[in-house]
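# Here is my input, please return the structure:
(chains A and B)
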Amino acid sequence: MRNSSFSGLTLKNLAGGGIVLGLVLTAILLIFCVAPTEATMGDVQRILYLHVSVAWCGLLGCLGMGTCGALYVARRNLEWDHRSQAAAEVGWLCATLTLVTGSLWAHEAWGVWWTWEPRLTSSLVLWLIFAGIFLVRAGIDEPHRRARIGAVLAILGLGDLPLVVMATRWFRGVHPVSPEMDHRMRLVLLAAVVSFTALFAFLAWQRQRQLGLGERVAVLESHADVF
Amino acid sequence: MGTVVTAYLVAGAVISTYAIWMAVQNSLLTRRLAELQVLSQEQESDRPAHTRAA
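Next up, the predicted model:
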């Protein structure tokens, strides 16, 4: 039996979850209590710390999805497919939050919930790429076929990454490029990005483990003739 | 301040829903795996000795 290893992992998970939760709570405390209030926008500017952090994690998710997909193609090991899927799921979650928090920001700063400017449009395309890959994967039962097709789409999806990152420099739009910030604001932003990256990594690690567990259950179920 | 609080609450709700869903799935899968392993061991011990896996 593997129960002992499960309980061992649970302890590791709890410790990891506790550390990540502590980091995120500290970042939120810094955002609301240490970061100074911005002169022009006021308190609404505090959305930026969350928006930039989740946007960064969404991009990391896309990078992780494509890289792990490429490694699956090279090695044909389903563990890389699980990593790719886990990164995609958490990346999609972050891309969704990027669009929501960006929309809230846009409403306060520009007076509109959405505008078809380059950074926003390329971010929406990234969200659609994630969603499209999930839809395609959901329609395929055979694990290696699903992994192969998912990997090809994930690698193609990487093409949107430079567009999102460079949109504000390559095209003219209303999205700020790199606004001037007080040094305390920069430090709080750094703390927020680090803590959300830790949260992203923890969630992706948990999901990847879970996908491996699901695979083992599926194999045992297919081999057992009494169930 | 209302918009800021809304943004942080939405983010918190989305992330915690995903984390809770994952914890529930994990628990169900772990239990199912343990059941399958017990059943597979029982099945193995019920077989005649000369047909068991080495």
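
# Please enumerate the helices of the chain.
I'll assume chain A. Taking DSSP state H, the helices of chain A run over residues A:3-33, A:47-75, A:78-109, A:118-138, A:143-157, A:160-170, A:183-223.

# nope, chain B please
Secondary structure of chain B by DSSP H: the helices cover B:2-46.

# ok so, going back, now the helices of chain A in JSON lines, with mean neighbour count?
(Glycine included, C-beta is placed from N, CA and C.) Shown next, in JSON lines, are the helices of chain A (neighbours: other CB atoms under 10 Å in any protein chain shown):
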{"stretch": "helix A:3-33", "mean neighbour count": "14"}
{"stretch": "helix A:47-75", "mean neighbour count": "22"}
{"stretch": "helix A:78-109", "mean neighbour count": "22"}
{"stretch": "helix A:118-138", "mean neighbour count": "18"}
{"stretch": "helix A:143-157", "mean neighbour count": "18"}
{"stretch": "helix A:160-170", "mean neighbour count": "16"}
{"stretch": "helix A:183-223", "mean neighbour count": "18"}
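
# closest one to A:P176 among the ones you listed?
Closest to A:P176 of the helices of chain A is helix A:160-170 (CB to CB; 7.4 Å).

# and the direction of that closest one versus that of helix A:118-138, what angle?
Taking axes from the mean of the first three to the mean of the last three CA atoms, to 10 degrees, one finds helix A:160-170 and helix A:118-138 inclined to each other by 170 degrees.

# Against which helices or strands is helix A:160-170 packed?
When contacts are defined as 3 or more CB pairs under 8 Å, 6 or more residues apart in numbering or on different chains; DSSP states H and E, helix A:160-170 packs onto helix A:47-75, helix A:118-138.

# Give the rounded mean pLDDT of that helix.
Helix A:160-170 carries an average pLDDT of 88.

# can you check stretch A:43-60 too?
Rounded mean pLDDT across stretch A:43-60 is 94.

# same thing with stretch B:28-42?
88.

# Pull up the residues of chain B that are close to chain A.
Proximity of chain B to chain A (CB under 8 Å from any CB of the partner chain) is limited to residues B:1, B:3-4, B:6-8, B:10-11, B:14-15, B:18-19, B:22, B:25-26, B:29-30, B:32-34, B:36-40, B:43.

# what about the closest residue to A:L220 other than its chain neighbours, neighbour count?
The shortest distance from A:L220 to any non-neighbouring residue, by CB to CB, 6 or more residues apart in numbering or on different chains, is to B:L36 (4.2 Å). For B:L36, the count of nearby residues is 18 (other CB atoms under 10 Å in any protein chain shown).

# A:L213 is in contact with B:L36, correct?
No: in this structure, B:L36 is not within contact of A:L213 by CB atoms under 8 Å, at 11.4 Å.

# Determine which of the helices and strands packed on helix A:160-170 approaches chain B most closely.
Nearest to chain B among the helices and strands packed on helix A:160-170 is helix A:47-75 (4.9 Å), distances taken as CB to the nearest CB.

# TSV please, covering the helices and strands packed on helix A:160-170 and showing distance to A:A167.
Below are these laid out as TSV (distance: least, CB to CB, whole Å):
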stretch	distance to A:A167
helix A:47-75	12
helix A:118-138	4
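
# Adding distance to chain B, write those out as CSV.
Listed next are the helices and strands packed on helix A:160-170 as CSV, based on distance: least, CB to the nearest CB, whole Å:
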stretch, distance to chain B
helix A:47-75, 5
helix A:118-138, 13
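
# rewinding a little: give the contact list for the residue nearest to A:L220.
A:217, A:220-221, A:224, A:227 (CB atoms under 8 Å, 6 or more residues apart in numbering or on different chains).

# if we take these, which one ends up nearest to A:C57?
Ranked by distance to A:C57 (CB to CB), those are led by A:V217 at 29.0 Å.

# Could I get the pLDDT score of the closest one?
91.

# isn't it right next to B:L29, touching?
Yes: with contacts counted by CB under 8 Å, A:V217 reaches B:L29, the gap being 5.7 Å.

# closest point of chain A to chain B, which residue?
For chain A, CB to the nearest CB, closest residue to chain B: A:L220, 4.2 Å.

# check contacts around that residue.
Contacts of A:L220 by CB under 8 Å, 6+ apart are B:33, B:36-37, B:40.

# Most neighbours out of those residues, which is it?
Ranked by neighbours (other CB under 10 Å), the contacts of A:L220 are led by B:L33, which has 20 neighbours.

# nearest residue to that residue other than its sequence neighbours?
The spatially closest residue to B:L33, leaving aside those adjacent along the chain, is A:V217, at 5.2 Å (CB to CB, 6+ apart).
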